[in-house]
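A.B. asks: Everything below, folded, please.
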Amino acid sequence: MSGTDVIINLIAQLTFRASPLDIGNDVLILDDVAEPVRKALRIYISKESKRLKRVRPFKNIVSEDSKYNDGLQLADMVTGAIRDKAWKNDPAYFQAFANQVVDLWQVK
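C.D. replies: Residues are numbered from 1 along each chain as shown. Model prediction:
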């Protein structure tokens, strides 16, 4: 698999782990992702939705620069805190929101 295929597959897996009641007709905002990747992701998620007999979870998949999007900046901070916990065994920042985490994968 190419790096792009791995990313698309991971995003789709994470998406379909969520209940259809949690994600429905939402907008997925990706941090600075090129249009060909977004298009491939849209196609992959559409095919998986049909295969799983689920409603498509996103009405749109867009790309924005985290420099100008507070939500993406927050996602970057949460990701950094999770990375510090997993890679450096430093849970200091993760503890601030640990009780909100529903599903955390640890892949080795």
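A.B. asks: In the chain, what residue spans correspond to strands?
C.D. replies: Ranges of strands within the chain are 26-31, 58-64, based on DSSP state E.
A.B. asks: Quick one: closest of those strands to Tyr44.
C.D. replies: Nearest to Tyr44, of all those, is strand 58-64, at 10.5 Å by Cβ to Cβ. Just so you know, the C-beta spots here come from the backbone N, C-alpha and C atoms, and that holds for glycine as well.
A.B. asks: can you pull out the helices in the chain?
C.D. replies: Under the criterion DSSP state H, the chain carries helices at the ranges 3-17, 35-52, 70-88.
A.B. asks: In a markdown table, list these along with mean neighbour count and mean pLDDT.
C.D. replies: Shown next, in a markdown table, are these (neighbours: other Cβ atoms under 10 Å; pLDDT from 0 to 100):
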| stretch | mean neighbour count | mean pLDDT |
| --- | --- | --- |
| helix 3-17 | 14 | 92 |
| helix 35-52 | 14 | 95 |
| helix 70-88 | 13 | 92 |
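A.B. asks: Would you format these as JSON lines with distance to Glu64 included?
C.D. replies: Below are the helices of the chain laid out as JSON lines (distance: least, Cβ to Cβ, whole Å):
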{"stretch": "helix 3-17", "distance to Glu64": "16"}
{"stretch": "helix 35-52", "distance to Glu64": "11"}
{"stretch": "helix 70-88", "distance to Glu64": "6"}
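A.B. asks: Quick one, which of the ones you listed gets closest to Val62.
C.D. replies: helix 35-52 (7.4 Å).
A.B. asks: The closest one vs helix 3-17, what angle?
C.D. replies: 40 degrees (axes from the mean of the first three to the mean of the last three Cα atoms, to 10 degrees).
A.B. asks: ok, back up a step: please name whichever of the helices of the chain is nearest to Val102.
C.D. replies: Of all the helices of the chain, helix 3-17 comes closest under Cβ to Cβ, at 9.4 Å.
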